[in-house]
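Asker: Sequence and predicted structure below; questions after.
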Amino acid sequence: MSVTASLVAKPSDSLDINALADLASKALEEGEEELALPLIERGAVQLGNTLLWQWKALLERSLDEHEIALRSFEEAARLDPADVSIAHGHARTALEAGLDARPLYERALSLAPRNGQILVGMAAARAAMGEGDRAIGGLQATLETAPGWLYGHEQLAQLMATQGRSNEVTSSLDAALKRFPNAQPLWETLLNVQLRRGAYETLSEIVGRARAAGVNPPEFAIYEGIHAAELDPETYPRALFEAVPAHDAALGRWRVRHLLRVGEIEATVALIDRELQRDQSVELWAYAATAWRLAGDQRSEWLEGDERLVRPTDLSDSLPPLDKLADTLRSLHVAKGEYLDQSVRGGTQSDGPLLSRIDPVIRHLRNAIVGAVESYVAKLPPKDEQHPLLRQRRGRRVRFSGSWSVRLRSEGHHSNHVHPLGWISSALYVALPERAPVEAEDAGWLTLGEPDRKLGVDLPPWRKVEPKPARLVLFPSWMWHGTVPFAEGERLTVAFDVAPPI
């Protein structure tokens, strides 16, 4: 029995605000919000307590019940209109719900004008309403007066990318470094932005500029190691295997990636065996899948050979009308460019958690998806404590670590990738272009098992899935996936990651 369940099973006759707040906190931690909510609601209503109304809202938001959560935040804000955390939570929930959150962010900013999280939220709210340039301008103005605001630089870089201004992604950092060339955190942020966008070729040059400015922390060796992992032709470049700490799990993944890239498969398999003792990340399992296939290792079949791990399902009978769903999704594609760290090539991705929106069409979509995920999990092979998909708890509430829509244009596709924050990933097809006579039969198809092409590994996908309207494909988040480009038209999809069960 969870701690939450034990606390709920022995409720006190008295309404103790602190005890109820502790219960809410534990319920959020354990994923037992529904157990605690009745008690929290009773306490909030009977005591008229601001903190309990706020906790009620946070639990409802965690359950993706944003419409109810907004009402709870409204009551909390009525009781204490000067509380910054309530004002911010109210604005953030409205933004996730798909509403115009700008007035609520204005109110939150009036209470805390220099709060970085609220400033970034306001930028997101403006961008969501088609005010991308104003959103950028607001962050730029703040960064001119606060050039050491690292989070602001990172968020501005992402906003620049999605607004189609990719040549300006690092502009605020470049300007700040001209003013403060000895600021190590600014150099590290610049390196991290370039790392996120896959600009590996720039890392060594940036480190060299920093050192010329007198900045040379030990951490810079990590970026030189990553540069070597992607570009050095040697089997064991010193920058990756000797000059950086061997105990870093993330660097272990870069070493694995490098050995795959230079074709040292036997060495890769041996390194993966060691790294799996300490690193169970999605990325490492993806490299294991590739290395084991190339080596003819029997673990390849154990890891991804069972056909039940990939499941296409027709959701025609449970989705909202596809033309109505397509129109709703198109209205969300206000971005003009691609995210720094996403797989979309030749298209746009919606911002924010799609399945948290309170639009009735999206709620209908969400219900259909949750049912399909529950069915997929129920039909998985038996539990296996060693398997990255099959070891997880079952029978838990479906939760999403991310959800979005992708609209691809002519020649658009997804590069081969994995989803580091997911357990189960997806592709749901809403609108598809007609295949042109000159196109290959598999144009636009989903590919599974073909690794990142930057690795240069000659390994074809082990499975392809034909896209069809209303078809949902579910598969493990660590499984390489991408798409074959198509010639012309529009390809509109919904995608989401199911979070590992709490």
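Answerer: Right, received. Where do you want to start?
Asker: Now for residue 441: which residues touch it?
Answerer: Contacts for residue 441 (C-beta atoms under 8 Å, 6 or more residues apart in numbering) come out as residue 435. All C-beta atoms are positioned from the backbone trio N, CA, C, and that covers glycine.
Asker: Report the secondary structure state of it.
Answerer: coil (DSSP: H, G, I helix; E, B strand; the rest coil).
Asker: Check residue 472 too.
Answerer: Strictly by three-state DSSP, residue 472 counts as strand.
Asker: For the nearest residue to it once chain neighbours are set aside, identify the helix or strand it belongs to.
Answerer: Excluding the flanking residues, the one nearest residue 472 by C-beta to C-beta, 6 or more residues apart in numbering is residue 428, at 4.5 Å. Secondary structure from DSSP states H and E places residue 428 in strand 424-431.
Asker: repeat for residue 230
Answerer: helix 220-231.
Asker: One more: residue 51?
Answerer: Using DSSP H and E, the element containing residue 51 is helix 50-62.
Asker: now that helix: how far from the chain's centre is it?
Answerer: Put simply, helix 50-62 sits 24 Å off its chain's centre (C-alpha atoms, centre = their mean, to the nearest Å).
Asker: likewise stretch 482-499?
Answerer: That offset, for stretch 482-499, works out to 16 Å (C-alpha atoms, centre = their mean).
Asker: Would you mind listing where this protein has pLDDT under the threshold?
Answerer: By pLDDT under 70, the weakly predicted segments of the chain are 11-14, 246-247, 342-346, 410-414, 487.
Asker: ok, residue 279 - how many residues close by?
Answerer: Using other C-beta atoms under 10 Å, residue 279 has 17 other residues around it.
Asker: oh, I was asking about residue 242
Answerer: By the criterion of other C-beta under 10 Å, residue 242 has 11 neighbours.
Asker: And residue 1, by the same measure?
Answerer: 8.
Asker: which ones are touching it?
Answerer: Residue 1 sits next to residue 9 when contact means C-beta under 8 Å, 6+ apart.
Asker: Now do the helix holding residue 230: everything it contacts.
Answerer: 191, 195, 200-201, 203-204, 206-207, 210-211, 234, 237, 239-240, 243-244, 248, 251, 254-255, 257-258, 261, 454.
Asker: Sort out which residues of it are buried, please.
Answerer: If you call a residue buried by 16 or more other C-beta atoms under 10 Å, then helix 220-231 has these buried ones: 220, 221, 222, 223, 224, 225, 226, 227, 228, 229, 230.
Asker: thinking again about what came up before, burial of the residue nearest to residue 472, as a residue count?
Answerer: 25.
Asker: what do you get for residue 351?
Answerer: Using other C-beta under 10 Å, residue 351 has 20 neighbouring residues.
Asker: just use 39 as the starting number from now, easier for me
Answerer: That works, and once the first residue is 39, the last one we named lands at residue 389.
Asker: Confirm it sits in a strand?
Answerer: No - the assignment for residue 389 (three-state DSSP) gives coil, which keeps it out of a strand.
Asker: if I pick it, what's in contact with it?
Answerer: Taking C-beta under 8 Å, 6+ apart, one finds 162, 165, 166, 200, 370, 372, 373, 442 in contact with residue 389.
Asker: Same question for residue 482.
Answerer: Contacts of residue 482 by C-beta under 8 Å, 6+ apart are 470, 471, 473, 505, 521, 522, 523, 524, 529.
Asker: so how many other residues sit close to the third one?
Answerer: In other words, residue 473. Residue 473 has 16 neighbouring residues, counting by other C-beta under 10 Å.
Asker: I'd like to know how far the residue lying closest to it once chain neighbours are set aside sits from residue 488.
Answerer: Excluding the flanking residues, the one nearest residue 473 by C-beta to C-beta, 6+ apart is residue 481, at 5.8 Å. Residue 481 sits 15 Å away from residue 488, going by C-beta to C-beta, to the nearest Å.
Asker: What of residue 210?
Answerer: 37 Å.
Asker: and if you look at residue 158?
Answerer: In terms of C-beta to C-beta, residue 158 sits 36 Å off from residue 488.
Asker: okay, these two: which has more neighbours?
Answerer: The neighbour comparison of residue 158 against residue 488 (other C-beta under 10 Å) goes to residue 158, with 23 against 19.
Asker: My guess is that one contacts residue 188. True?
Answerer: No - in this structure residue 158 lies outside contact range of residue 188 using C-beta atoms under 8 Å: 11.9 Å.
Asker: Provide the count of other residues in contact range of residue 217.
Answerer: As a burial measure, residue 217 scores 10 neighbours (other C-beta under 10 Å).
Asker: Mind telling me what element residue 132 is part of?
Answerer: Going by DSSP H and E, residue 132 is in helix 122-134.
Asker: Could you list every helix and strand that that helix packs against?
Answerer: When contacts are defined as 3 or more C-beta pairs under 8 Å, 6 or more residues apart in numbering; DSSP states H and E, helix 122-134 sits against helix 88-100, helix 104-117, helix 140-149, helix 154-166.
Asker: deepest of these, which one?
Answerer: A comparison of these by mean neighbour count, using mean count of other C-beta atoms under 10 Å, puts helix 88-100 on top with a mean of 24.
Asker: Render the CA-only coordinates of that one in CSV, please.
Answerer: Only the C-alpha atoms of helix 88-100 are listed here, as CSV (Å, rounded to 0.1, in the frame of the first residue of the first chain):
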residue,chain,number,x,y,z
THR,A,88,-6.1,29.2,0.2
LEU,A,89,-3.3,26.6,0.4
LEU,A,90,-5.7,23.7,0.1
TRP,A,91,-7.4,25.3,-2.9
GLN,A,92,-4.0,25.6,-4.5
TRP,A,93,-3.1,22.0,-3.7
LYS,A,94,-6.5,20.9,-5.2
ALA,A,95,-5.6,22.8,-8.4
LEU,A,96,-2.2,21.2,-8.6
LEU,A,97,-3.5,17.7,-8.2
GLU,A,98,-6.2,18.3,-10.9
ARG,A,99,-3.5,19.8,-13.2
SER,A,100,-1.4,16.7,-12.7
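Asker: Distance to residue 477 for the contacts of residue 389 - can I get that in CSV?
Answerer: Listed next are those as CSV, based on distance: C-beta to C-beta, whole Å:
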residue, distance to residue 477
162, 37
165, 35
166, 35
200, 29
370, 28
372, 30
373, 27
442, 26
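Asker: next SSE after the strand holding residue 466?
Answerer: From strand 462-469, the next helix or strand downstream (DSSP H and E) is strand 484-486.
Asker: Give me the contact list for that following strand.
Answerer: By C-beta under 8 Å, 6+ apart, strand 484-486 touches 348, 454, 465, 499-503, 505, 511, 513, 517-522.
Asker: Next step: these restricted to strands.
Answerer: 465, 501, 502, 503, 511, 513, 519, 520, 521 (DSSP state E).
Asker: Out of the residues you listed, the closest to residue 182 would be?
Answerer: Nearest to residue 182, judged by C-beta to C-beta, of the ones in strands among the contacts of strand 484-486 is residue 520 at 39.9 Å.
Asker: quick one: the strands in the stretch 289-438 of the chain?
Answerer: Taking DSSP state E, counting those that start in this stretch as the criterion, the stretch 289-438 of the chain contains strands spanning 349-352, 382-387, 438-452.
Asker: Out of the contacts of residue 389, which is nearest to residue 379?
Answerer: Out of these, the member with the shortest distance to residue 379 (by C-beta to C-beta) is residue 200, at 11.3 Å.
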